[in-house]
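Enquirer: coords please:
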Amino acid sequence: MRVVVMGQAAFGEAVFRRLVDDGFEVVGVSAPASSGGREDPLWAAAASGGTPVVETRLLKTAEGREEWAALRPDLCVMAFVTEIIPHEVLELPRLGTIQYHPSLLPLHRGSSAINWAIIFGRTETGLTVFWPDRGIDTGPILLQRSCPIGPDDTVGSVYFERLFPMGVAAMAEATALVREGKAPRIEQDHAKATYEPPCRDEHAAIRWYEPAERLYALIRGCNPQPGAWTTFEGGRLRVFDCRLTGAEEAGMPGRVLRIDDEGFDVRLNGGVLRVLRVQPEGEKKVNAGEWAARAGLKPGYRFR
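Expert: Here you go, the predicted model:
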């Protein structure tokens with residue numbers, strides 16, 4: 001079975017290497033062209049081993065489709081793709097295309113599935129390998145795997161500690177099922193579907209009056225991207241690493257209670273937020289205590 005891999009970044013590279021290591025005949029790769037002088041990891045891994053590479057954007061052109069078709073693929077494995085790929089490209093391989101999605105479809109269709117699962121306070125998520133169709137994450141399911149979302153998990157921890165390694169293994173397992181003729185096509189229950197937009201700044205504003213658990217879920221669900229934000233002296237301050245305690249202390253939500261070298265504590269509606277890492281507007285991420293000292297933050301200040 002001749003396999004082509006469509007993807008990018010570390011996850012695309014990991015899937016490519018796993019399929020090669022498992023003995024699959026990987027005859028081609030689609031990946032983004034280099035940007036800012038940096039070569040995509042999947043592109044670099046394929047090229048170093050002599051595997052032909054087609055730039056992903058070229059698949060939208062007749063020239064690119066001809067180059068892809070010349071690889072004579074039996075199956076396309078979509079590991080991590082941010083471009084909108086024409087449906088005829090997905091149908092080109094003899095056995096079709098399978099795709100990775102980091103949610104338990106039909107929940108959280110869309111490009112920010114991990115973000116929204118955490119923001120909505122879910123305690124479980126997972127991944128789906130499915131057969132893409134003309135809709136957005138609406139195709140039949142091949143396999144699914146679930147994992148917990150812990151009370152302090154962020155998008156980064158859920159992805160890199162669970163969904164990344166689970167996803168690489170699941171893509172290899174799904175590819176093997178296709179090769180063996182045992183890959184199911186289970187229709188999604190569309191009545192239970194949810195779809196959320198890409199998680200962007202307009203969704204990431206911290207509202208200090210909201211219940212503590214909801215606010216904490218927002219911050220975790222925006223870490224590391226796009227970064228939940230508040231304002232300080234007219235500029236945006238993004239809040240990343242933090243911890244929630246259930247302690248009740250006097251004061252209005254958003255009031256700074258204490259500051260030390262590690263960070264600062266903010267009173268919430270139903271708890272206290274220990275802020276450990278922030279990013280001032282136009283600057284890099286920094287230890288929250290260091291920023292507080294430099295910015296002149298004092299106990300009693302109230303974020304709004």
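
Enquirer: May I ask you to confirm that K298 is in contact with V256?
Expert: Yes: using Cβ atoms under 8 Å, K298 makes contact with V256 at a distance of 7.1 Å. (Each C-beta comes from the backbone N, C-alpha and C, glycine too.)

Enquirer: Please say which of the two ends up with more neighbours.
Expert: The neighbour comparison of K298 against V256 (other Cβ atoms under 10 Å) goes to V256, with 19 against 10.

Enquirer: Quick check: the more buried one vs G289, distance?
Expert: 12 Å (Cβ to Cβ, to the nearest Å).

Enquirer: intersection of neighbour lists for those two?
Expert: F264 (Cβ atoms under 8 Å, 6 or more residues apart in numbering).

Enquirer: State the number of residues packed around the closest residue to D22 other than its chain neighbours.
Expert: In this structure, D22 finds its nearest non-sequential neighbour in A172, 5.4 Å apart by Cβ to Cβ, 6 or more residues apart in numbering. When neighbours are counted by other Cβ under 10 Å, A172 registers 17.

Enquirer: can you confirm G12 is in a helix?
Expert: Yes: with DSSP: H, G, I helix; E, B strand; the rest coil as the criterion, G12 is part of a helix.

Enquirer: isn't it right next to V5, touching?
Expert: Yes: between G12 and V5 there is a contact under Cβ under 8 Å: 6.9 Å.

Enquirer: More neighbours: which of the two?
Expert: Between G12 and V5, V5 has the larger neighbour count (other Cβ under 10 Å), namely 32 against 28.

Enquirer: Quick check: that one vs D260, distance?
Expert: Taken as Cβ to Cβ, the span from V5 to D260 is 48 Å.

Enquirer: Which strand or helix spans the residue nearest to D22?
Expert: If you go by DSSP states H and E, A172 is part of helix 164-179.

Enquirer: got the buried residues for stretch 40-57?
Expert: Residues 40-43, 45-46, 51-56 are the ones in stretch 40-57 that count as buried (16 or more other Cβ atoms under 10 Å).

Enquirer: In strands, which of those residues fall?
Expert: 53-55 (DSSP state E).

Enquirer: In TSV: those, plus distance to V275 and pLDDT.
Expert: Converted to TSV, those look like this (distance: Cβ to Cβ, whole Å; pLDDT from 0 to 100):
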residue	distance to V275	pLDDT
V53	43	97
V54	45	97
E55	42	97
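
Enquirer: Nearest to H190 among the residues you listed?
Expert: V54 (32.9 Å; Cβ to Cβ).

Enquirer: From what I see, the residue nearest to D22 and V26 are in contact.
Expert: No: the criterion here is Cβ under 8 Å, and A172 misses it with V26 at 11.5 Å.

Enquirer: what do these two both touch?
Expert: Residues within reach of A172 and of V26 at once, by Cβ under 8 Å, 6+ apart, are L19.

Enquirer: Based on its surroundings, how many neighbours for G270?
Expert: Using other Cβ under 10 Å, G270 has 17 neighbouring residues.

Enquirer: Tell me how far L59 lies from V158.
Expert: Using Cβ to Cβ, L59 is found at 30 Å from V158.

Enquirer: What residues does the residue nearest to D22 make contact with?
Expert: 15, 18-19, 22.

Enquirer: make it 7 Å
Expert: A172 is in contact with 18-19, 22, counting by Cβ atoms under 7 Å, 6 or more residues apart in numbering.

Enquirer: got a pLDDT number for it?
Expert: Looking at A172, its pLDDT stands at 98.

Enquirer: same deal with G246?
Expert: The model's pLDDT for G246 equals 85.

Enquirer: about what we covered before: okay if I get the ones in strands among the buried residues of stretch 40-57 as a markdown table plus distance to Q279?
Expert: As requested, these are exported to a markdown table (distance: Cβ to Cβ, whole Å):
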| residue | distance to Q279 |
| --- | --- |
| V53 | 35 |
| V54 | 37 |
| E55 | 33 |
